[in-house]
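Engineer: A structural model of the following input is requested.
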Amino acid sequence: MRRTYAEYEAVRRAVRERVALDWRTPGLRLDGISHEALRTARGWKRPPRLVDWDWQRIVKGKSGADLDLAIWHEDTLCGIAYGQAKPDWLEIGWLEGSPHIHPLKGQVIDLALAVLRTQAIAFDIPETRLKNPIEPLREGYRHRGWTDLVAVADAVYLCRRKP
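Structural biologist: Have a look, this model is predicted:
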């Protein structure tokens, strides 16, 4: 049975709340990508960003079980992640941490991966993928369980199947 957008959003919200509770970090807030998050991410100019994604364009086609995550500590945007969902897989296609000093420095990747895994379970999606992981981070992702490097069309993925 197909879900409505509101039903998908309710599951995503419950997933984000669950991960935030599990993290036990006062001030941590996991939300969807809002206009406020997009506006804040556009301001990440200095120090130079490692990536230069147009987050507005990326999230424009948001639908269904897509991963949609803004990582906040109180009023500070610390990271943002988005990924598409298909019946057989859920990905993080875009992930960026704030280039500025913030209270969750070093935790953005792990928070995004926790949301990815939890959301895949919630939607009964058997595989999670990390799209085009940059080379210096691949070994860290492998240590976290994403092991199979697969080339599909114009992308490379590290994959992890549900046990």
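Engineer: helix or strand: which one has the closest residue to Leu149 other than its chain neighbours?
Structural biologist: Once flanking residues are discounted, Leu149 sits nearest to Leu158: 5.9 Å by Cβ to Cβ, 6 or more residues apart in numbering. Glycine gets a C-beta too; all of them are placed from N, C-alpha and C. Per DSSP states H and E, Leu158 falls inside strand 155-161.
Engineer: okay, the lengthiest helix in the chain in PDB with CA atoms only?
Structural biologist: Of all the elements of type helix in the chain, the one with the most residues (DSSP state H) is helix 5-23. Once side chains and other backbone atoms are set aside, the C-alpha atoms of helix 5-23 remain, and they are given as PDB (Å, rounded to 0.1, in the frame of the first residue of the first chain):
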ATOM      1  CA  TYR A   5       3.600  12.300   1.900                       C
ATOM      2  CA  ALA A   6       2.400  13.100   5.400                       C
ATOM      3  CA  GLU A   7       2.700   9.500   6.400                       C
ATOM      4  CA  TYR A   8       6.300   9.300   5.000                       C
ATOM      5  CA  GLU A   9       7.100  12.500   6.900                       C
ATOM      6  CA  ALA A  10       5.700  11.200  10.100                       C
ATOM      7  CA  VAL A  11       8.000   8.100   9.900                       C
ATOM      8  CA  ARG A  12      11.000  10.300   9.000                       C
ATOM      9  CA  ARG A  13      10.200  12.600  12.000                       C
ATOM     10  CA  ALA A  14       9.900   9.600  14.400                       C
ATOM     11  CA  VAL A  15      13.300   8.200  13.100                       C
ATOM     12  CA  ARG A  16      15.000  11.500  13.700                       C
ATOM     13  CA  GLU A  17      13.500  11.800  17.200                       C
ATOM     14  CA  ARG A  18      14.600   8.200  18.000                       C
ATOM     15  CA  VAL A  19      18.200   8.800  16.900                       C
ATOM     16  CA  ALA A  20      18.300  12.100  18.800                       C
ATOM     17  CA  LEU A  21      17.100  10.400  22.000                       C
ATOM     18  CA  ASP A  22      19.600   7.500  21.600                       C
ATOM     19  CA  TRP A  23      22.400  10.100  21.100                       C
END
